[in-house]
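Colleague: Structure for this input, please:
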Amino acid sequence: VGGGGGGGSSPDMATVTAAANRWEKSSPISARIRKAGNTYIETGTLPSGPDGETASHLIDAIASGPPITGTVHRGLLFADQAAWQKFGSTLDAGTVNLGLSSFSRDPSVAELFSGTKLASRQYHANIKITSGRGLDITSFSKFPSQREVIMMGAYSVISKRVVKAGTHNILEVELSYVGE
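Modeller: Numbering: from 1, shown residues only. Predicted coordinates:
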């Protein structure tokens, strides 16, 4: 990643915009870019090709940019109780590495993505971070109303609690940035 994952100079805004636009283009593409970025964060290597290149640009922009201030939110929807419990147990170690993950400055957007309004789904999570490493892509997003921020890095678990709302089980998590 240009300069070893953020140690070099900032990428130019056109490169960052192109990377963010590619992220925003569609869910399958952003999922592949997220996977490429997560592979880099876990192993130190990026896959070749456009997804790895895009992940590289996003990682560089996040690592070399200013920290995100203010609260960001992420909503997660789980297929079943086992998947929800598995996610909850990954937080028990006290720290979590986000890889490249989409968050929103708007809690109602996160709530929408968590699916708490869906009667057929019962297992959800809401994650809140008050500061950390990220790139606000609102200004060049295909969906600016989502106020999206791409976050990465290691975070400590400040709090974790289960809230029951009717038939819904919601895991509320607060994280604090600890580093790359």
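Colleague: Now the element after the strand ranked longest in the chain, going C-ward?
Modeller: Of all the elements of type strand in the chain, the one with the most residues (DSSP state E) is strand 123-136. For strand 123-136, the following helix or strand on the C-terminal side (DSSP states H and E) is strand 148-152.
Colleague: still on that earlier bit, tell me the mean pLDDT over the longest strand of the chain?
Modeller: When pLDDT is averaged along strand 123-136, the result is 91.
Colleague: and E174, what helix or strand is that in?
Modeller: Assigned by DSSP H and E, E174 falls in strand 168-179.
Colleague: Extract the C-alpha set from that strand and format it as PDB.
Modeller: What follows is strand 168-179, C-alpha atoms only, in PDB (Å, rounded to 0.1, in the frame of the first residue of the first chain):
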ATOM      1  CA  HIS A 168     -36.000  -8.200  18.700                       C
ATOM      2  CA  ASN A 169     -32.600  -8.800  20.400                       C
ATOM      3  CA  ILE A 170     -30.300  -5.900  19.800                       C
ATOM      4  CA  LEU A 171     -26.600  -6.000  20.800                       C
ATOM      5  CA  GLU A 172     -25.500  -2.400  21.500                       C
ATOM      6  CA  VAL A 173     -21.800  -1.900  21.300                       C
ATOM      7  CA  GLU A 174     -19.500   1.100  21.900                       C
ATOM      8  CA  LEU A 175     -16.000   1.100  20.600                       C
ATOM      9  CA  SER A 176     -12.900   3.300  21.200                       C
ATOM     10  CA  TYR A 177     -10.000   3.700  18.700                       C
ATOM     11  CA  VAL A 178      -6.700   2.100  19.800                       C
ATOM     12  CA  GLY A 179      -4.700   2.100  16.600                       C
END
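Colleague: quick check: mean pLDDT across that strand?
Modeller: 91.
Colleague: Partner strands of that strand, with direction?
Modeller: strand 123-136 (parallel), strand 154-165 (antiparallel) (DSSP bridges).
Colleague: Of all the residues in the longest helix along the chain, which ones are buried?
Modeller: In the chain, taking DSSP state H as the definition, the longest helix is helix 27-43. Neighbour-count burial for helix 27-43 flags S30, R32, I33, R34, K35, A36, G37, N38, T39, Y40, I41 (criterion: 16 or more other C-beta atoms under 10 Å). Heads up, the C-betas are built off the backbone N, CA and C, glycines and all.
Colleague: how about the residue most central in space within the chain, what does it touch?
Modeller: In the chain, the centroid-proximal residue (C-alpha atoms, centre = their mean) is S101; its distance is 1.6 Å. By C-beta atoms under 8 Å, 6 or more residues apart in numbering, the residues touching S101 are R34, R74, I150, M151, M152.
Colleague: All set, thanks.
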